[in-house]
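>>> Predicted structure and sequence below. I'll ask about it afterward.
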Amino acid sequence: MSDQESRLHRLQPPWFGAVARRLSAPRRRAFAAMAIGLVLALLDARMYLVGARLDERIFDAQVMLVRLVRPAAVAATRTDVVLVGVDEASLDALSAPLSLMHATLGTALTAIAQAQPRAIGLDIALPERSFDRLQPGLDAGLMQGLQAARAAAPFALALDTNADGQVRVPYAPLLAIAGGAEVFGLPLFPIDCDGVVRRYESDPGNAAGAAARCGAGGDPPAGSARAVPTFAGRLALQLGRAPLLAGGGWVDFTRGAPFDYVPLQDVVRWQRSGARGQLLAHFGGQVVLVGSVLPYLDRLRLPVALTRWEDALVPPPGLIANAQVLRNALGSGLVRAPPRPLAWLALAALVAAALPVRAALRYLLLAAGAAALLAGGALLHAAGWFLAPGAAMVAGISAVALRTGFDLAGARRDRERLARNFGGYLSPALLRRLLDETTGDSGELQGVRRPIALLFADLQDFTRRTEQSDPEHIRGVLNGYYAAVTPGLHAYGGVIDNFRGDGIMVMFGALEKLAHPCDAALAAACRLLEQIDRLNCEALVPRGIAPVAVSMGLAYGEVVYGEVGSPDRRDFTALGDAVNVAAHLQGVAKQAGYPMVMTAVFVAELVHPADGLVDLGMSAIKGHSPLRIYAWSPQRTPGLPAACMPQA
């Protein structure tokens, strides 16, 4: 153990080694992937990256779904927030710009106050100085309207801030007549990184500071502005509904019909014409918000279209966001986060999808868990809870993807290790199939029934050679022999079952189907004879070693091949009558004086029959009924001296 390994070992807690030994490699990979997935989800949540984006998209989708399946909740009702809008038509009809509509605005406030509304909110910032020098009487008209509104119902006034986050203080007489600091509020909302308003913060500092986490710049209100509540919060406080907005949350966009508005010019006209019935019908007992609906002025994007007079793709006025929050305050409140254990349960459920060994099952569980989370989240959203699924989905997807990557890397290491350790002991086809079985890609090692061709080869008189020679010498001869013939057998698709002393068993068409297995076996047998001739002439005879000769038996028939053995020791082999026949034909070939003998069934399967086959007729085979067999002695390798050829 190196010094570094020793130091790492000493740093490990006492229980680490015991736990590591108890966990299998797949389990270690699973728990490592789960831990990394949780860390990635935590980092993602702190940096507002993928998880936050998922939460935003899923929130919007749930809003649309709940509004679609619950139409009664989005139907228009009498007890709703009424909007009075300053639009372009009002500016044209009243012949005054927005900055000089003091008297007109005062008239409208007076008219609304006479209808005895439930509350009045003015979402138009008051001027910072007097305009009486431009048009005498402007301030007085606005003051009368502010006084009437404040006397008739709970009243709130929206303030504005400058670029430095400082509150723009209205003209002092207007400030006093409106009620001072007790009626002011900031119409600020936290804007998500995609530019959409989904949440409400009771602290304007938190609302304005949301832009900073998205890299959008902007400073939260400074100084006294931090002590000012939001505009909607001020109205809720005046109405005694502040607890429903306390602490902030997600705005409930699943309830309430799209808003319409009463043009400011209509309110002024009703007041001037004495149409008290119209005023009572529109504003009596209602919460009334007065603000701008001018295009391109104070617009905020929302998750759902809440205006009747504009296209759904056009961001609505900020007045709409305040009105929807007031709807929440007058109803069941904001959408809140569920108890934390429920969020942790969702997180654990998706991360646990990394546990199964099979990759397909992992992704199936991940998909099922995500679907259940989304479906359950929609039900919770309808009940007033938003279970933000982003962190759980980031953790689950990361854990499953990492587990898959770890498994692939582990499988590759296992394949390399097996190929390195067993490559010299197994035929290439068998090694590939073993590697596939190890990594779960094949099931053929369990046993398959298939007709195949078999070749058995045995060195002649090898028992006598062994008796008369040193074991090291015999080992060298055998290694040279096997090294010479193995490449040719593999070249024709042969799978070497085993080397048994001087014998060899080869299968053709077992692991890999061959179009013509008997032709391949016969070609491999001829190649084997050629390699033996070269071995004799180039390696054995020049060194004074007697040449070797081989006898081969070839058969064709149906076998069962696969694993055979006990759980502790297994072999891969083929079992069947053709195996036994091919093994016994080796001896028949030696007795008949031919290098190879084959069954009539084998010959019948040849697409290209060999010339010079000798029909040996029906032949008795030990332990088997007589078979018709053929012998063949192919032309020996040309160009080699006869002296190095073995004598029959």
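In hand now; what should we look at? These numbers were taken from a predicted model, which means no experiment stands behind them.
>>> Low-confidence regions, the stretch 201-350 of the chain specifically.
205-227 (pLDDT under 70).
>>> go on, the stretch 351-500 of the chain?
417-447.
>>> how about the strands in it?
Secondary structure of the stretch 351-500 of the chain (DSSP state E, counting those that start in this stretch): strands at 448-459, 494-500.
>>> try the stretch 101-250 of the chain
Here the stretch 101-250 of the chain has its strands, by DSSP E, counting those that start in this stretch, at 119-123, 155-158, 184-185, 199-200, 249-250.
>>> closest to L319 out of those strands?
Closest to L319 of those is strand 119-123 (CB to CB; 5.3 Å). The way it works is simple: take the backbone N, C-alpha and C, and place the C-beta from them, glycine included.
>>> ok, the closest one: who's next to it in the sheet?
According to DSSP bridges, strand 119-123 forms sheet pairs with strand 155-158 (parallel), strand 287-292 (parallel).
>>> Need the residues that contact the longest one.
Applying CB atoms under 8 Å, 6 or more residues apart in numbering, the contact partners of strand 287-292 are 81-86, 98, 105, 108-109, 112, 117-124, 158, 235, 239, 264, 298, 317-319, 322-323, 326, 330.
>>> Just give me the residue closest to the centre of the chain.
Geometric centre of the chain, nearest residue: I397, 4.0 Å, by CA atoms, centre = their mean.
>>> what sits against that residue?
Applying CB under 8 Å, 6+ apart, the residues near I397 are G37, L350, L366.
>>> what's the burial count for the nearest residue to the second one once chain neighbours are set aside?
It refers to L350. In space, L350 comes closest to G396 once its chain neighbours are excluded; the distance is 2.8 Å by CB to CB, 6 or more residues apart in numbering. Around G396 sit 31 other residues, with neighbours defined as other CB atoms under 10 Å.
>>> now do the one 3 residues further on
Number of residues near A399 (other CB under 10 Å) recorded here: 29.
>>> try the one 10 residues further on
As a burial measure, the neighbour count of A409 was computed by other CB under 10 Å and equals 11.
>>> ok, now how distant is it from E416?
11 Å (CB to CB, to the nearest Å).
>>> re earlier: wait, doesn't the residue nearest to L350 sit right on L38?
No. Judged on CB atoms under 8 Å, G396 makes no contact with L38 at a distance of 10.0 Å.
>>> The longest strand belonging to the chain - what's its average pLDDT?
Secondary structure of the chain read by DSSP state E shows that its longest strand is strand 550-565. For strand 550-565, the per-residue pLDDT values average out at 90.
>>> That strand pairs with which strands, and in what direction?
Strand 550-565 has these strand partners (DSSP bridges): strand 448-459 (antiparallel), strand 570-575 (antiparallel), strand 596-599 (parallel).
>>> Deepest-packed of those, please.
Across the strands paired with strand 550-565, averaging neighbours per residue (mean count of other CB atoms under 10 Å) puts strand 596-599 on top, at a mean of 28.
>>> Okay, buried residues for the next helix or strand after it please.
Counting by DSSP states H and E, the element after strand 596-599 in chain order, helix or strand, is helix 600-604. Neighbour counts using 16 or more other CB atoms under 10 Å place A600, V601, F602, V603 of helix 600-604 among the buried residues.
>>> How about stretch 298-317?
Per 16+ other CB under 10 Å, stretch 298-317 contains these buried residues: 298-307, 310, 315-317.
>>> do the same with stretch 319-338
319-331, 333-335, 338.
>>> what does stretch 599-613 contact?
453, 516-519, 521-522, 554-557, 578, 581, 585, 627-634.
>>> any idea of the mean pLDDT for it?
In the prediction, stretch 599-613 has an average pLDDT of 91.
>>> mind saving the C-alpha coords of it as PDB?
What follows is stretch 599-613, C-alpha atoms only, in PDB (Å, rounded to 0.1, in the frame of the first residue of the first chain):
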ATOM      1  CA  THR A 599     -20.600 -39.200 -41.800                       C
ATOM      2  CA  ALA A 600     -22.900 -39.500 -44.800                       C
ATOM      3  CA  VAL A 601     -25.100 -36.800 -43.200                       C
ATOM      4  CA  PHE A 602     -22.100 -34.500 -43.100                       C
ATOM      5  CA  VAL A 603     -21.400 -35.100 -46.800                       C
ATOM      6  CA  ALA A 604     -25.100 -34.500 -47.700                       C
ATOM      7  CA  GLU A 605     -24.900 -31.100 -46.100                       C
ATOM      8  CA  LEU A 606     -21.900 -30.000 -48.200                       C
ATOM      9  CA  VAL A 607     -22.800 -27.400 -50.800                       C
ATOM     10  CA  HIS A 608     -19.400 -27.900 -52.500                       C
ATOM     11  CA  PRO A 609     -18.600 -31.700 -52.100                       C
ATOM     12  CA  ALA A 610     -15.000 -32.600 -52.100                       C
ATOM     13  CA  ASP A 611     -13.500 -34.500 -55.000                       C
ATOM     14  CA  GLY A 612     -12.100 -37.900 -54.200                       C
ATOM     15  CA  LEU A 613     -14.400 -38.900 -51.400                       C
END
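>>> hang on, L522 packs against L554?
Yes. Assessed by CB under 8 Å, L522 is found in contact with L554 at 6.9 Å.
>>> Which one's more surrounded, these two?
Between L522 and L554, L554 has the larger neighbour count (other CB under 10 Å), namely 31 against 28.
>>> thinking the more buried one is in contact with A523, fair?
No. The criterion here is CB under 8 Å, and L554 misses it with A523 at 11.2 Å.
>>> Redo the strands of the stretch 351-500 of the chain as CSV? Include distance to S202.
Formatted as CSV, those follow (distance: least, CB to CB, whole Å):
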stretch, distance to S202
strand 448-459, 71
strand 494-500, 76
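>>> just so I know, which of those lies nearest Q62?
strand 448-459 (52.3 Å).
>>> any idea how far that closest one is from the chain center?
48 Å (CA atoms, centre = their mean, to the nearest Å).
>>> same thing with stretch 269-285?
For stretch 269-285, the distance to the chain centre is 59 Å (CA atoms, centre = their mean).
>>> again with stretch 613-633
The mean C-alpha position of stretch 613-633 is separated from the chain mean by 64 Å, CA atoms, centre = their mean.
>>> Just the terminal-to-terminal distance for it.
By CA to CA, to the nearest Å, the extent of stretch 613-633 from end to end equals 8 Å.
>>> Now do the contacts for A583.
Contacts of A583 (CB under 8 Å, 6+ apart): F456, M505, G553.
>>> where do the contact lists of G396 and L38 overlap?
Here G396 and L38 share the contacting residues L347, V351, scored by CB under 8 Å, 6+ apart.
>>> Pairing partners for the residue lying closest to I504 once chain neighbours are set aside in the sheet, please.
Leaving aside its sequence neighbours, I504 sits nearest to A457 (CB to CB, 6+ apart; 4.9 Å). On the basis of DSSP bridges, A457 is bridged to I504, M552.
>>> gap between A457 and A312?
82 Å.
>>> if I look at D470, how far off is L540?
D470 is 15 Å from L540, by CB to CB.
>>> What about the closest residue in space to A539 that isn't next to it in sequence, how many residues nearby?
Here the nearest residue to A539 in space, its sequence neighbours aside, is G480; by CB to CB, 6+ apart that works out to 5.9 Å. G480 has 15 neighbouring residues, counting by other CB under 10 Å.
>>> can you check H516 too?
Residues near H516, counting by other CB under 10 Å: 17.
>>> From G612, how far off is it?
Distance from H516 to G612, by CB to CB: 20 Å.
>>> what's the answer for S398, then?
69 Å.
>>> Name the residue in those two with the higher neighbour count.
More crowded of S398 and G612, by other CB under 10 Å: S398, with 23 against 10.
>>> ok, the residue lying closest to the more buried one once chain neighbours are set aside - contacts?
Sequence neighbours aside, G37 is the residue nearest to S398 in space, at 3.9 Å (criterion: CB to CB, 6+ apart). Contact analysis of G37 by CB under 8 Å, 6+ apart lists V351, A354, V394, A395, G396, I397, S398, A399, V400, L402.
>>> of those, closest to A45?
Distances from A45 to these, taken by CB to CB, are shortest for V394, at 8.0 Å.
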